[in-house]
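Asker: Pasting the sequence and the predicted coordinates here, then a few questions.
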Amino acid sequence: MYNEKVMDHFTNPRNVGEIKDAAGVGEVGNAKCGDIMRIYLQVENDIITDVKFKTFGCGAAIATSSMVTEMVKGKKLDEALEISNQAVAEALGGLPPAKMHCSNLAADALHEAIKDYIAKKGK
Amino acid sequence: MKRVYFDHSATTQVNREVAELMLEYMTEKYGNPSSVHSFGREARKAVEEARERIAALFNAKPNEIIFTSGGTEADNLALKGVALANRKKGNHIITTGIEHHAIMHTCEYLEKQGFTVTYLPVDENAMIRMEDLKNAITDKTILISIMFANNEVGTIQPIKEIGQLAREKGIYFHTDAVQAVGSHPIDVEELNIDLLSLAGHKFHASKGIGALYVRRGVKLEEIQHGGAHERNMRAGTENVPGIVGLGKAAELAKRDLDKKIAYIKGLRDKLIAGVMEKIPHVKLNGHPESRLPGNANFSFLYIEGESLLLNLDMKGIAASSGSACTSGSLDPSHVLLAMGLTHEVAHGSLRVTLGQDNTEEEVDYFLEVIPEIVERLRSMSPLYGS
Amino acid sequence: MKRVYFDHSATTQVNREVAELMLEYMTEKYGNPSSVHSFGREARKAVEEARERIAALFNAKPNEIIFTSGGTEADNLALKGVALANRKKGNHIITTGIEHHAIMHTCEYLEKQGFTVTYLPVDENAMIRMEDLKNAITDKTILISIMFANNEVGTIQPIKEIGQLAREKGIYFHTDAVQAVGSHPIDVEELNIDLLSLAGHKFHASKGIGALYVRRGVKLEEIQHGGAHERNMRAGTENVPGIVGLGKAAELAKRDLDKKIAYIKGLRDKLIAGVMEKIPHVKLNGHPESRLPGNANFSFLYIEGESLLLNLDMKGIAASSGSACTSGSLDPSHVLLAMGLTHEVAHGSLRVTLGQDNTEEEVDYFLEVIPEIVERLRSMSPLYGS
Ligand SMILES: Cc1ncc(COP(=O)(O)O)c(C=O)c1O
Ligand SMILES: Cc1ncc(COP(=O)(O)O)c(C=O)c1O
Ligand code: FES
Ligand code: FES
């Protein structure tokens, strides 16, 4: 069902957890569809210095969450904003078609977290 | 790695004796039962003997058995067959909201053909209420189709009361007994069952074979057209190896039923007790007593079923879930939702279904690995501890 | 007693390799392909590999194959599935008067549902005439269903011309290739076939498994409702052992096809020549050249098929007949009648169908015993010598 890379991220997810007093937090999904992803960011000079996630969801949901945290750590915010759900799925070597709709939301959660950071900073 | 099969409601291992008999009817006694020559007669004889064995399993007569390709076809034949043959009497069918897709989607098809279908609700244990059934009956009702035992949560319906009511009202009663046959005693006379579906692969016969019991006198129309097989009720060369294997499996099921039930129930109760003791925030789904002997269905709050399954699979344990994510659909199990579970709780469900080949060591192994898996997934969950 | 099986059009012996593979998927790799765990994945993989093998046998793509319970179900799905899904385009179907009951009775059912069916006549060799087909097409025609090879007399239809015509006119072309698959080369691209039915037990896979090829883009409606199996086109737990065996049989059929055809044809031609030489008043039914390699169909004038069969059976030889008396119906084979045979001549028909497991000795044995049997029955016949 899942390829090796997906299974690797599912089995050994990177950056699981929370960041206390995170600079930005983003959450997407709802329990109805079976996916809730929450991403925490730490930001310095518009660079993502730390990122963590918590996810309620299937193997694909956990793997995409893990993957997106790896992809953005150390990246500039505007670079991170360019990462799409599709890019996350591709970085994982692809996902089963049935999983593309509701599990592949990690980039959205990231974008929400960045927006949250920008909104907080603007205040 | 050790592999533990805890998914007997999905399918079962074919019994060795059954498989070897099938092999014999594939490679040696391979005649077509419609042929008049000795190869044909030997196949015909085997088919008719198997029919007797299947009938004997639930106190039917051999000529009340129609062989099908499985449970789904039996369900399709029962519903469409009765609906089409009795259209003049009425167009109303009563079923439940927790049926297998083979019933549910066939009912939806019949609705498009002009039939009206009532889907009875269930209580929190997945039981229908007799009151609801009584109230649903109209003078247009031609068929009541209520599953014997539920495939997800194992709840066994009040079949005898339903049969009695249906008989009094002169309405045909069909039961999808795919999960019950071979796991629960059934007597179609005592229970007033008019039609009953079964599938071989759920009780150690092969996939690709099933049967529909149709009480003598029930008006049925065939749905697969062609040759005059199965008394014109199901066209197509008989699946002789499948049928012979089904007969053997029925014979074994009948012989071992009481012992099997006691054994599996023992294991299952140990498993449930262990889970409840070791893990917090767990709910047992399904009826506490009136349930299949091998079925345990839990909701582990705050986590999602597929991740749980995959983690168990990595430990060699095969189980199942009512999570949407295992099926590729958007909604979790319609059964769990019908029981009133919220989406989150339904998503975290795990079905463990035991069989006669399971051992106490396997249950111990399960109880050893499950707590840490649940704990790890919960530690990753945004719903837990917040 | 020596037993000689000359009824390969009725069914065939399952190949040993095929049967043993099936055994493995019954007793060891018994998972349900819909399950996410390792047992399920191993079953899923085997099903998809079998799909590739079946597709490769006639140059289709794997996702154009739908597994069914046999030839009859494939025929039902093709006809009803296309008819119901394309009703808006038209309600006219063209078939022939010599189809198998699985097509014939399905067409009759569709006539009751408001479809119009043209049954093309055939010539004395059981061949349709392209002129008749062209003339039958109307702007309401949605489907042409013409069998690849006839099960009684072996005649192979002009499939390529039919396919070409159907393509030009934008009409779907289905062929019931139950008798041809594994006995004749088939390329669905070259022949412009849109749908094709096959049955495993006719080419050394098991009874209870078949398939329908459906060209990508063809509009089809499912006829068996339930789970989302076979891309929603055929509900029901996949018959994994049957499917895996079918894949193996397809692989072997592809590998051995040319050799098999040459071998069987050699035996068959010897048998025909022997019968013609040794017995007077015999007619060979079916096309002299365009016929299945293993098929010989004779009419022995003045005698009746069932008596002939029973006498052969007493000598250990298994064959078949188009006589009414073997089928329990009143009329002899509709195929023989459609070819213009009189009732008497049709009643005296004998079908001998050879397979790859037959030997030259068996043919010799047949040629040794048949003359005296025919002679004895004729001596009892009031039609003979008068
Ligand atoms: C209650 C119930 N009904 C019907 C079916 C359908 O049986 P099958 O998939 O063998 O056609 C199943 C099993 O999947 C079942 O559990
Ligand atoms: C030409 C043809 N079509 C269809 C069928 C039906 O196949 P089955 O009996 O395997 O369902 C047969 C064989 O009986 C056949 O010879
Ligand atoms: S959580 Fe539902 S598909 Fe992934
Ligand atoms: S001759 Fe006896 S049934 Fe036809």
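Answerer: Perfect, thanks for sending it. Ligands and ions are numbered 1, 2, ... in the order given.
Asker: Can you spell out the domain ranges of chain B, please?
Answerer: Following the assignment in automatic domain parsing, chain B carries domains at B:4-10+B:257-379, B:16-253.
Asker: Take the ones you listed and write them to a markdown table, including distance to chain A, mean pLDDT and mean neighbour count.
Answerer: C-beta coordinates here come from the backbone N, C-alpha and C atoms, glycine included. Listed next are those as a markdown table, based on distance: least, CB to the nearest CB, whole Å; pLDDT from 0 to 100; neighbours: other CB atoms under 10 Å in any protein chain shown:
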| stretch | distance to chain A | mean pLDDT | mean neighbour count |
| --- | --- | --- | --- |
| domain B:4-10+B:257-379 | 3 | 94 | 20 |
| domain B:16-253 | 16 | 97 | 22 |
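Asker: Tell me who's in contact with residue 1.
Answerer: As the question left the chain open, I've gone with chain A. Residues in contact with A:Met1 (CB atoms under 8 Å, 6 or more residues apart in numbering or on different chains) are A:59, A:96, C:36, C:41.
Asker: ah, I was thinking of chain B
Answerer: Counting by CB under 8 Å, 6+ apart, B:Met1 touches B:Gly316.
Asker: Which of the domains of chain B sits closest to ligand 2?
Answerer: domain B:16-253 (3.2 Å; CB to the nearest ligand atom).
Asker: Are that closest one and ligand 4 in contact anywhere?
Answerer: No: with CB under 6 Å from any ligand atom as the criterion, ligand 4 is not reached by domain B:16-253; the gap is at least 11.8 Å.
Asker: what's the closest of the domains of chain B to C:Ala273?
Answerer: Distance to C:Ala273, taken as CB to CB, is lowest for domain B:16-253 among the domains of chain B, at 24.1 Å.
Asker: ok so, going back, kindly reformat the domains of chain B as TSV containing distance to ligand 2.
Answerer: As requested, these are exported to TSV (distance: least, CB to the nearest ligand atom, whole Å):
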stretch	distance to ligand 2
domain B:4-10+B:257-379	27
domain B:16-253	3
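Asker: Now do stretch B:85-93: distance to the chain's middle.
Answerer: Its chain's average C-alpha position is 26 Å from that of stretch B:85-93, according to CA atoms, centre = their mean, to the nearest Å.
Asker: I'd say B:Ala74 and B:Ile65 touch.
Answerer: No: between B:Ala74 and B:Ile65 there is no contact under CB atoms under 8 Å: 10.5 Å.
Asker: Can you pull the residues that touch both of the two?
Answerer: B:211-212.
Asker: quick one: average pLDDT of the lengthiest helix in chain A?
Answerer: For chain A, the helix with the greatest residue count under DSSP state H is helix A:106-122. The average pLDDT within helix A:106-122 is 93.
Asker: mind listing the helices in the chain by residue range?
Answerer: Going with chain A. Using DSSP H, helices in chain A cover A:4-11, A:59-72, A:77-81, A:85-91, A:106-122.
Asker: try again with chain B
Answerer: Under DSSP H, chain B gives helices at B:16-27, B:38-57, B:71-85, B:101-112, B:130-136, B:159-169, B:229-232, B:240-278, B:305-314, B:334-338, B:343-347, B:360-379.
Asker: tell me which parts of chain A are close to chain B?
Answerer: Counting by CB under 8 Å from any CB of the partner chain, chain A comes close to chain B at A:7, A:10-11, A:13, A:16, A:27, A:31-38, A:54-62, A:96, A:98-99, A:101-103.
Asker: Buried only: go through those for me.
Answerer: Among those, the ones that count as buried by 16 or more other CB atoms under 10 Å in any protein chain shown are A:7, A:10, A:13, A:16, A:27, A:31-38, A:54-62, A:99, A:102-103.
Asker: would you turn the domains of chain B into JSON lines with distance to C:Gly163?
Answerer: Shown next, in JSON lines, are the domains of chain B (distance: least, CB to CB, whole Å):
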{"stretch": "domain B:4-10+B:257-379", "distance to C:Gly163": "36"}
{"stretch": "domain B:16-253", "distance to C:Gly163": "24"}
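Asker: if we compare those domains, which one ends up closest to C:Glu189?
Answerer: C:Glu189 sits nearest to domain B:16-253 of all those, at 28.7 Å, using CB to CB.
Asker: Can that closest one be said to contact ligand 1?
Answerer: Yes: against ligand 1, domain B:16-253 shows contacts by CB under 6 Å from any ligand atom at B:70-72, B:75, B:100, B:102, B:147, B:151, B:176, B:178-179, B:199, B:201.
Asker: Nothing else from me, thank you.
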